[in-house]
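> Next one to model:
(chains A, B, C and D)
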Protein chains: 2
Amino acid sequence: MANINEVAKAAGVSISTVSYALSGKRAVSPDTRRRIEKAVQDLNYLPNAGARMLAGRRTQIFALTEPLRKDTHAPTHMAFVLAASVAARRHDYDVLLLTEEEAQQGMRRVAANRLVDAILVLDVAPDDPRVGLARSISSPTVFIGVPRDHAGLICVDLDFEAAAARAVDLLADAGHTSIGLVGQAEAAYEKSNFPPRVRGAFLRRAEERDVEAVHGTSGGARASRTAARRTVADMISRGATALVLHTAEEAHGSILAELSERGLRVPEDISVVSVGASFDTATLETPIDSFPLDPQASCDAAVDLALAAVDGHPEPAVHLIAPRYHAHGSIGPRHEKAVA
Amino acid sequence: MANINEVAKAAGVSISTVSYALSGKRAVSPDTRRRIEKAVQDLNYLPNAGARMLAGRRTQIFALTEPLRKDTHAPTHMAFVLAASVAARRHDYDVLLLTEEEAQQGMRRVAANRLVDAILVLDVAPDDPRVGLARSISSPTVFIGVPRDHAGLICVDLDFEAAAARAVDLLADAGHTSIGLVGQAEAAYEKSNFPPRVRGAFLRRAEERDVEAVHGTSGGARASRTAARRTVADMISRGATALVLHTAEEAHGSILAELSERGLRVPEDISVVSVGASFDTATLETPIDSFPLDPQASCDAAVDLALAAVDGHPEPAVHLIAPRYHAHGSIGPRHEKAVA
DNA sequence: TTGAAAGCGTTACCAC
DNA sequence: GTGGTAACGCTTTCAA
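Alright, predicted model coming up:
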């Protein structure tokens, strides 16, 4: 529990020099720096967090709010929490968890007591109560996800619209004229912010490309595995020769099983592409082309924006992350078999 | 951003009186207290976190370390994180997340840093590197789970042994003489701390009760759903008339499906009881008797132990939480049909 | 290139 | 029952 005084004494310098040597905010002679570094090592010194928070103007802590709704997909959520944590640590920040209803009162609390420098908001709902809150508190707040009313807010998200549109383009370019979108469970279109964006862009681009498009829902991870299969069966019977999947990993599996049971090969008989998946579609029994969700990319961007805001340069806007395409050979030219 | 000085001024008292009125550590006259409370409300005052950490002897923050291994069952893990957070908030504590390799260096850091008052350790492995670390740092550390070498450590966990033994007892009492334990994936018996405890107690008690016992593994959540079904089929063919399940929710579903397909009714033809489930077994297609995992109970106990340690009264020991039994009618007397 | 010292906003001890 | 004030350990301005 050595403090800065002991380090200063051991190095034969003043405490201010120790502070500057460690922060790098002022030039320190090589020799002095060496002596300080040695003292730091010897004494196993680390600046007291509370003292830094009080004296400095930053706490080096981000709050991470997560409502943890019952229907939240746990693996995806965990991936975001992990990614946020990694992104924060890269900039010497720690992450403080704000869960449940605490998310709201907690945001107010940590903003008022100056426990955190900024707040990261996960699992954003279209009408998220944290939107109004963000506008009323002093802490910079970054949304990972895009609420309906996002005027003046700092938001980061995958460009789901672009991903959906590009998926349609790929399929249309391959000659497909009838495409099905196997989406999320119906409830997700109200509780989450991105499913409607995928569906909207899908339908829009399909119309632009003069492609017949149908949208169907699937169960979530916990739903009966028959929901997604029924949707697929229906789409195929209506002539779809290509599928865009925007579902959980489990549903991907069910869908591929359904295709396989119907004797439809990918991509010979039917083309498939995944949008916004949070898992690796290359490890499915049939690898699937994908515009994946990239939690790390989103969280890195969110942390950068948070830091900028902490520095007094907030960038209120919806910052969309360009989707990246991972090809795994699941898209092929249109074939009539599926229609039959 | 009002501070204690402004509150004191507004209430017409000294800052020490404000401090004492808020902490309750000294008697304050009703009238004075009211004036202070009003000033606090009006100014929306909350004590500065950094100043408290520095001046007081606590930070009101717990670190929560989670390795987040690839094979971690996300929903269960999230339940523990949430429960820990809730337990902490009940005592006015926040939770700081320490993930990945950061878990180790992070533990050292926040201990040396004085950022947290204590550390809660999740997802404990039999040979957990955090065990040695816990012994070498100053922060009180509470393990939620029991590592192999736990001498001198503070550990909390469900009494898996008791749960497994009681499950065997219930079945033996009902007349069953051949019981199968459908356990976790093979890997879990090395990477996690509790699967071996369940298996050990199961086999031990079965022997004590002179009951034939077999143990079989199942896949984890992501494994092919056939693994668990094969195990069950095998057990039945070997004469088992009762099953103890220690598996993920998905495997529970697969197992019930297998029984159903074989025309075996629960509990008429076969008895089933679940041990250590982190989900509600009453909502399965066939409700199953259960000795559930109770994250909140574990985390409440862990937080209590952490607080005691922070107060200078550490209780190094393995604190086992008595399992609770939830009956849902899935245990019945032995019937010969399953044997056939 | 370095040092002295003034805060930062609490808590808690010591007086009254 | 209340007030004054010395820590707490750092960051940062001002001087040298």
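> Give me the nearest residue to A:Gly106, chain neighbours excluded.
A:Leu98 (3.9 Å; Cβ to Cβ, 6 or more residues apart in numbering or on different chains). Quick note: C-beta positions are derived from backbone N, CA and C, even for glycine.
> For that neighbour, give me the backbone phi and psi.
Backbone torsions of A:Leu98, given as degrees, to the nearest 10, read phi -120, psi 110.
> Equivalent analysis for A:Asp289, please.
Torsion angles, degrees, to the nearest 10, at A:Asp289: phi -60, psi 150.
> Tell me if I am right that A:Leu181 is in a strand.
Yes: under DSSP: H, G, I helix; E, B strand; the rest coil, A:Leu181 sits within a strand.
> Where does the prediction get shaky in the stretch 151-300 of chain A?
Scanning the stretch 151-300 of chain A for pLDDT under 70 picks out A:219-225.
> hmm, stretch A:119-128 in reach of chain B?
No: shown here: stretch A:119-128 not in contact with chain B (Cβ under 8 Å from any Cβ of the partner chain), separated by at least 11.7 Å.
> Sorry, wrong one. I was asking about stretch A:5-14.
No: using Cβ under 8 Å from any Cβ, stretch A:5-14 stays clear of chain B, with a minimum separation of 12.9 Å.
> Just give the nearest non-adjacent residue to A:Cys325, would you?
No Cys there; residue A:325 is Tyr. Using Cβ to Cβ, 6+ apart, the closest residue to A:Tyr325 is A:Phe291 (5.8 Å).
> Report the separation between the one you found and A:His176.
17 Å (Cβ to Cβ, to the nearest Å).
> who has more neighbours, those two?
Using other Cβ atoms under 10 Å in any protein chain shown, the more surrounded residue of A:Phe291 and A:His176 is A:Phe291, with 29 against 25.
> Do I have it right that the more buried one meets A:Val275?
Yes: assessed by Cβ atoms under 8 Å, A:Phe291 is found in contact with A:Val275 at 5.0 Å.
> residue contacts, the most centrally placed residue in chain A?
In chain A, the residue lying closest to the centroid (Cα atoms, centre = their mean) is A:Pro295, at 3.6 Å. Going by Cβ atoms under 8 Å, 6 or more residues apart in numbering or on different chains, A:Pro295 touches A:76, A:79-80, A:82-84, A:278.
> So the residue in the stretch 51-200 of chain A that DNA strand C sits nearest to versus chain B, what's the distance?
Per Cβ to the nearest atom of the strand, the residue of the stretch 51-200 of chain A with the smallest distance to DNA strand C is A:Ala55, at 3.5 Å. Distance, A:Ala55 to chain B, by Cβ to the nearest Cβ, to the nearest Å: 8 Å.
> How about A:Val124?
A:Val124 is 18 Å from chain B, by Cβ to the nearest Cβ.
> same question, A:Ala233
20 Å.
> How about that residue, nearest residue that isn't a chain neighbour?
Nearest one to A:Ala233, counting by Cβ to Cβ, 6+ apart, is A:Glu258 at 6.5 Å.
> Can you get me a residue count around that neighbour?
19.
> Give me the contacts around whatever helix or strand it lives in.
Using DSSP states H and E, A:Glu258 maps to helix A:249-261. Helix A:249-261 is contacted by residues A:75, A:182, A:218-221, A:225-229, A:232-233, A:243, A:245, A:247, A:265-266, A:269-270, A:272, A:274, A:277-279, A:281, A:284-286, A:288 when judged by Cβ under 8 Å, 6+ apart.
> Now do the phi/psi pair for the closest residue to DNA strand D within the stretch 151-300 of chain A.
Nearest residue of the stretch 151-300 of chain A to DNA strand D (Cβ to the nearest atom of the strand) works out as A:Ile154 at 23.6 Å. Here is the backbone geometry of A:Ile154 (degrees, to the nearest 10): phi -100, psi 120.
> Beta-bridge partners for it, please?
Beta-bridge partners of A:Ile154, counted by DSSP bridges, are A:Val142, A:Ala317.
> doesn't A:Arg52 make contact with A:Gln60?
Yes: using Cβ under 8 Å, A:Gln60 and A:Arg52 qualify as a contacting pair, with a distance of 7.2 Å.
> Of all residues in the stretch 101-250 of chain A, which one is closest to DNA strand D?
Counting by Cβ to the nearest atom of the strand, the stretch 101-250 of chain A gets nearest DNA strand D through A:Asp117, at 12.7 Å.
> Could you pull up the residues touching that residue?
A:58-62, A:93, A:139-140, A:306, A:310.
> what does A:Leu170 give?
Counting by Cβ under 8 Å, 6+ apart, A:Leu170 has contacts A:273, A:289, A:325, A:331.
> circling back: look up how far A:Arg205 lies from the residue of the stretch 101-250 of chain A closest to DNA strand D.
A:Asp117 is 40 Å from A:Arg205, by Cβ to Cβ.
> what's the answer for A:Cys155, then?
22 Å.
> swap in A:Ala174?
Distance from A:Ala174 to A:Arg205, by Cβ to Cβ: 14 Å.
> Between the two, which is the more surrounded one?
Taking other Cβ under 10 Å, A:Ala174 and A:Arg205 do not tie; A:Arg205 has more neighbours (21 against 16).
> follow-up on the earlier one: overlap in contacts of A:Phe291 and A:Val275?
A:163, A:167, A:323.
> Export these to JSON lines and append columns for distance to A:Ala112, neighbour count and secondary structure.
As requested, those are exported to JSON lines (distance: Cβ to Cβ, whole Å; neighbours: other Cβ atoms under 10 Å in any protein chain shown; DSSP: H, G, I helix; E, B strand; the rest coil):
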{"residue": "A:Ala163", "distance to A:Ala112": "39", "neighbour count": "30", "secondary structure": "helix"}
{"residue": "A:Ala167", "distance to A:Ala112": "44", "neighbour count": "32", "secondary structure": "helix"}
{"residue": "A:Pro323", "distance to A:Ala112": "38", "neighbour count": "24", "secondary structure": "coil"}
